[in-house]
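> Model the following, please.
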Amino acid sequence: MKIATWNVNSVKVRLPHLLDFLKSAQPDILCLQETKCLEDDFPRLEVAALGYKVEAIGQRAYNGVAILSKEPAHDIVRGLAGDEGDEHARYIEASFGGDGNEVRVASLYLPNGNPVGTDKFAYKLAWMERLLVHAQELLRREMPFVLAGDYNIVPTDDDVYDPVGFRGDALCQPQSRALFRALLHLGLSDAYRVFHREPHRYTYWDYQAGRWSRDEGLRIDHLLLSPHAVDRAGGCVIDKSPRGKDRASDHTPIWCELAV
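Now for the predicted structure:
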């Protein structure tokens, strides 16, 4: 089972690139972030023509997450528990398969949090605390699961092209990194780091100042695997090809494979 995640930065603008990726990479499950459209406005017909079903939660012009899959999803959860007043479309989760081969997959878009010292940063940390509580609940079920998406967290200085320049950024703050490590300390595994130890491999490059052409990026899109999932993992790849296209998203897909 190939599970991919990609912040498309507007599914309507990036639709040709999305369809190309589905055709070429053939993921069994694709988690999308920043779809930037209401659920009813998602381009379902174009995606369905390639054999994919869609589960989504959205907002007009910002946020929005979705899960595209070759087989139907079940037991779908929309929204992250813990704050009934949070109306941001940032989390969707579903199960796939059955008969002992069920996998739970979430597509998440963690808040950016900038600037530090504002309510936006406090919201980021609170959202992450809620994710920790939910991950503990998933672990208690003792089933394989994948928390996939744009975490807006650079785990270490090896994951950013300019650690000094980003020292004051919410993505690199000690509090943000500590909460990411807390997920790993629960027993989750950073899929990319399971298979790749080399530094300075990125999933995001800013549109400004030629960051893409100089490979000055950040690794902020992650696949976190539960113990039962990492035991099945057979590889993890950052696919940079979509980022090099005209009118590309500033993120690129990353995917892992699980034995079923």
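
> What is the neighbour count of D231?
Applying other C-beta atoms under 10 Å, we find 12 residues neighbouring D231. Yep, even glycine has a C-beta here, placed from its N, CA and C like the rest.

> With adjacent residues omitted, what lies nearest to it?
P144 (7.9 Å; C-beta to C-beta, 6 or more residues apart in numbering).

> From what I see, that neighbour and G100 are in contact.
No: counting by C-beta atoms under 8 Å, P144 does not reach G100; the two are 10.6 Å apart.

> Mind checking which of these two has more residues around it?
P144 (24 against 7).

> Now for that one: which residues touch it?
E102, V103, R104, L225, S226, H228, A229, D231, R232, L258 (C-beta atoms under 8 Å, 6 or more residues apart in numbering).

> Next one: it relative to E102, how far apart?
Between P144 and E102 the computed distance is 8 Å (C-beta to C-beta, to the nearest Å).

> How about L30?
L30 is 19 Å from E102, by C-beta to C-beta.

> swap in A61?
From A61 over to E102 the distance is 35 Å, taken as C-beta to C-beta.

> So which of those two has more stuff around it?
Higher neighbour count among A61 and E102: E102, with 15 against 10, using other C-beta under 10 Å.

> residues near the residue nearest to the more buried one when sequence neighbours are not counted, how many?
Closest residue to E102 apart from its sequence neighbours, by C-beta to C-beta, 6+ apart: S95 at 5.5 Å. Around S95 there are 16 other residues, counting by other C-beta under 10 Å.

> Now K124: which helix or strand?
In this assignment (DSSP states H and E), K124 forms part of helix 119-140.

> What residues sit buried inside that helix?
121, 123-125, 127-128, 130-132, 134-135, 138-139 (16 or more other C-beta atoms under 10 Å).

> now stretch 235-250
C236, V237, I238, D239, K240, P242, R243, A248, S249, D250.

> can you check stretch 81-90 too?
For stretch 81-90, by 16+ other C-beta under 10 Å, it's D86, H88, A89, R90.

> Out of those, which two sit at the greatest distance?
D86 and A89 (9.9 Å; C-beta to C-beta).
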